[in-house]
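>>> for reference, the sequence and a predicted model appear below.
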Amino acid sequence: MQIVNFKRISISFLVIIITITLLYQKKLVRLYTAVTLYDQDKIVNNFLTMYQSFNSTVIPASTQPFYFPLQIKALPDSFEYDGNLITTQNFLKNSQTTGFLVIKNGTIVYEDYQLGHQQDKQHISFSMAKSFVSALMGIAIEEGFITSIEQAVTDYVPELMGSGYEGVSIKNVLQMSSGVSFNEDYGDFNSDINRFSRATAFGTSLDDFSASLVREKEPGTYHHYVSIDTQVLGMVLTRATGQTLTHYLSEKIWQPLGMEHPAYWLADDTNMELALGGLNVSLRDYAKLGWLYLNQGSWTDKQGNTQQIVPKQWVIDSITADAPHLVAGENNPASSSSFGYGYQWWLPLGAEDEFAAQGIYNQYIYVDPDQKLVIVKNSANYRFTDKSLNWSAKHYAMFRATSEYFSKEP
């Protein structure tokens, strides 16, 4: 009769459990963070520590940091929205603002941090990263790595053949007009964007996820915001340049702009960056991209030397809606009634020259060129998905009131 050694079995089982836990601990942490990312009691810390919970690459701070001069003033007391006055500081608090910065004429005139954010801390960009990727695309074309935005993305990324991206031009992808089917509803647990987030948590190949999408509409005819479009742009850039997005961003933007702090780019288990929204950057360094674009891609360093970082024409084209389906307006069913779209930049309705980078949960780089003004806002607004609160419209009302206010400052 065989005697079962239960003690030995129990120890062996325990060893197996511990081994599995150690092997999958990081993925479990990432999954837990992804699932609880927007929870009210965790959202602020999550947005400030994303690069610690997920795989990430490092973009070192510039060896010659650039500092905007400071002349701190007060914000306007209030702004008008829909016929009502809203107290500015109350709105900033209610939208869970963690960082707010205003640059006027190249000088920081307002800077404030709340809820644990600090000057040297990195905050998740979400879709503001798309505008950084657009800048890299313009540089790559100028350098001859990419011949034309009229080329198909599959010319550079053949593994997308057979997917919804087959034969789609780089330009259509830049303008969020790829025709690919995608549900971007963050409030829907089973939406494509939330499935993508969970895939990211497990370190699943971002390239494979992009290749799984299918065609819905004719490319270049309808503006449908598809975050994976930017992921495809990232794939094109890495194939064309032979460099990682991290290295290319560091060399072409981070170093020449004198970025004060290191940045972190979320990545999958193969170190492919989350091009569509994975940058983690300090508030002042976000502002530098806005100031660069305000000056049409030209940058003057602390020694007074001026360099064209992003081609001027690329900047102009990036903030222009050059087709009817990209123009904001109620009569355009293919576009948001409140926004037009360029090359990964938003063009608010009624704007004369304003444009913005935007990320979910109220991340903004707002640029008003004729007023020489840039506003950057980081937020952890757990009520972001409540559409009845009209967050976007209120933010633009505040931005415009702030721009007008500082235009009258001596």
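Yep, it's here.
>>> next, count neighbours for residue 144.
8 (other C-beta atoms under 10 Å). All C-beta atoms are positioned from the backbone trio N, CA, C, and that covers glycine.
>>> same question, the one 10 residues further on
The tally of other residues near residue 154 (other C-beta under 10 Å) stands at 19.
>>> could you do the one 4 residues further on as well?
Here the count is done by other C-beta under 10 Å, and residue 158 has 11 residues near it.
>>> residue 205 too?
Neighbour tally, residue 205, other C-beta under 10 Å: 13.
>>> swap in residue 387?
9.
>>> same question for the one 10 residues further on.
Using other C-beta under 10 Å, residue 397 has 17 neighbouring residues.
>>> assign a three-state SS to it, would you?
helix (DSSP: H, G, I helix; E, B strand; the rest coil).
>>> surely it meets residue 76?
No. With contact defined as C-beta atoms under 8 Å, residue 397 does not count as touching residue 76 (11.2 Å).
>>> can you give me the helices for the stretch 1-150 of the chain?
6-35, 43-53, 88-94, 129-142 (DSSP state H, counting those that start in this stretch).
>>> any idea which of the ones you listed scores lowest on pLDDT?
Among the helices of the stretch 1-150 of the chain, helix 6-35 carries the lowest mean pLDDT, a mean of 64.
>>> for this structure, what helix or strand is lowest in average pLDDT?
helix 6-35 (a mean of 64; mean pLDDT, DSSP states H and E).
>>> any stretches of the stretch 301-410 of the chain with poor pLDDT?
410 (pLDDT under 70).
>>> tell me which stretches of it form helices.
Using DSSP H, counting those that start in this stretch, helices in the stretch 301-410 of the chain cover 312-318, 391-407.
>>> which of the residues in the first one are buried?
I take that to be helix 312-318. Neighbour-count burial for helix 312-318, counted by 16 or more other C-beta atoms under 10 Å, picks out 314-315, 317-318.
>>> give me the number of residues near residue 99?
Neighbour number of residue 99 under other C-beta under 10 Å is 24.
>>> distance of it from residue 112?
7 Å (C-beta to C-beta, to the nearest Å).
>>> ok, now residue 279?
22 Å.
>>> cool, and residue 278?
Distance from residue 278 to residue 112, by C-beta to C-beta: 26 Å.
>>> okay, the two: which has more neighbours?
Using other C-beta under 10 Å as the criterion, residue 278 and residue 112 rank with residue 278 on top: 27 against 16.
>>> contacting residues for the closest residue to that one other than its chain neighbours?
Nearest non-adjacent residue to residue 278, counting by C-beta to C-beta, 6 or more residues apart in numbering: residue 266, 3.2 Å away. Shown in contact with residue 266 (C-beta atoms under 8 Å, 6 or more residues apart in numbering): 50-51, 54-56, 200, 273-274, 278-280.
>>> same deal with residue 128?
277, 279, 286, 357-359, 363-365.
>>> now residue 353: how far from residue 347?
Taking C-beta to C-beta, one finds residue 353 at 10 Å from residue 347.
>>> compare the two (neighbour count), which wins?
Neighbours per residue (other C-beta under 10 Å) separate residue 353 from residue 347, with residue 347 holding more: 24 against 12.
>>> just checking, that one touches residue 340?
Yes. If you go by C-beta under 8 Å, residue 347 and residue 340 touch, sitting 3.8 Å apart.
>>> contact partners for residue 200?
30, 34, 54, 206, 266, 268, 274.
>>> try 10 Å this time
By C-beta atoms under 10 Å, 6 or more residues apart in numbering, the contact set of residue 200 is 30-31, 34, 54-55, 206, 209, 266-269, 274, 276-278.
>>> show me the two of these that sit farthest apart.
The most widely separated members of the contacts of residue 200 are 31 and 276, with 19.2 Å between them, by C-beta to C-beta.
>>> between these two, which one's more packed in?
Counted by other C-beta under 10 Å, residue 31 and residue 276 do not tie: residue 276 has more neighbours, with 27 against 17.
>>> so how far is residue 291 from the more buried one?
Residue 276 is 24 Å from residue 291, by C-beta to C-beta.
>>> likewise residue 162?
42 Å.
>>> residue contacts, residue 242?
145, 248.
>>> please report the distance of it from residue 121.
In terms of C-beta to C-beta, residue 242 sits 33 Å off from residue 121.
>>> what of residue 208?
Residue 208 is 33 Å from residue 121, by C-beta to C-beta.
>>> where do the strands of the stretch 101-250 of the chain begin and end?
Listed in chain order, the strands of the stretch 101-250 of the chain (DSSP state E, counting those that start in this stretch) span 107-113, 123-124.
>>> which of those sits closest to residue 87?
Among these, if distance is taken as C-beta to C-beta, the winner is strand 107-113, at 15.1 Å.
>>> what mean pLDDT does that closest one have?
Mean per-residue pLDDT for strand 107-113: 98.
>>> run through who's touching that strand.
67-75, 89, 92, 97-104, 119, 121, 123, 283-284, 287, 372-376, 378, 402, 406, 409.
>>> let me know the angle separating that strand from helix 391-407.
For strand 107-113 against helix 391-407, the angle by axes from the mean of the first three to the mean of the last three C-alpha atoms, to 10 degrees is 140 degrees.
>>> quick one: buried residues of strand 107-113?
108-113.
>>> repeat that for stretch 381-396.
In stretch 381-396, counting by 16+ other C-beta under 10 Å, buried: 381-382, 384, 391-392, 394-396.
>>> now do stretch 141-151
Applying 16+ other C-beta under 10 Å to stretch 141-151 flags 141-142, 145-146, 149 as buried.
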